[in-house]
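Participant: sequence first, predicted coordinates after that:
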Amino acid sequence: MFPRTQRVHRTTDILRVFRQGERARVGNLTLFFLPDSRPESLVRATVVVDKKLSKKAVVRNKVKRQLREILKKVVTRPGMYVLRGFEGADKLSQREMVSSVQQASQKLRG
């Protein structure tokens, strides 16, 4: 889990990243990024998973935990990140998840 200072947890912030940020979709995952050019800014991130992925909270939470750990290792550029998992993301292996998040991150870097 990200430290409290590195989480995006306000709905307004998440919606701002969705509306104004860049996005890269790879398979069942979409990575949104809103850059922050202030020198004191941090990497702030959160993971959002659709209920369509599974009706069971246990499954959704497992996917969120896995994606959160991957996101921690992959993102480095200061700004706000939102990683969104869609239906079928729970069927991906750990290796496929890592690959998808890395590809999405590469797309955002240009």
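Facilitator: Ah, there it is. Every value quoted in this text rests on a predicted model; they were computed, and no experiment measured them.
Participant: centre of this protein to the edge, which residue is at the far end?
Facilitator: The centre of the chain is farthest from one residue, residue 39, which by Cα atoms, centre = their mean lies 22.5 Å away.
Participant: can you classify that residue as helix, strand or coil?
Facilitator: Following DSSP: H, G, I helix; E, B strand; the rest coil, the label given to residue 39 is coil.
Participant: quick check: phi and psi on it?
Facilitator: phi -60, psi -30 (degrees, to the nearest 10).
Participant: got it, and residue 30?
Facilitator: For residue 30, the backbone dihedrals (degrees, to the nearest 10) come out as phi -130, psi 130.
Participant: the closest residue to it other than its chain neighbours sits in which helix or strand?
Facilitator: Once flanking residues are discounted, residue 30 sits nearest to residue 84: 4.7 Å by Cβ to Cβ, 6 or more residues apart in numbering. The C-beta positions use only the backbone N, C-alpha and C, and glycine is treated the same way. In this assignment (DSSP states H and E), residue 84 forms part of strand 79-85.
Participant: hmm, who's touching the helix or strand that that strand is followed by?
Facilitator: Next helix or strand after strand 79-85 toward the C-terminus (DSSP H and E): helix 94-109. If you take Cβ atoms under 8 Å, 6 or more residues apart in numbering as the criterion, helix 94-109 is touched by 22-31, 33, 66-67, 70-71, 74-75, 77, 83, 89, 92.
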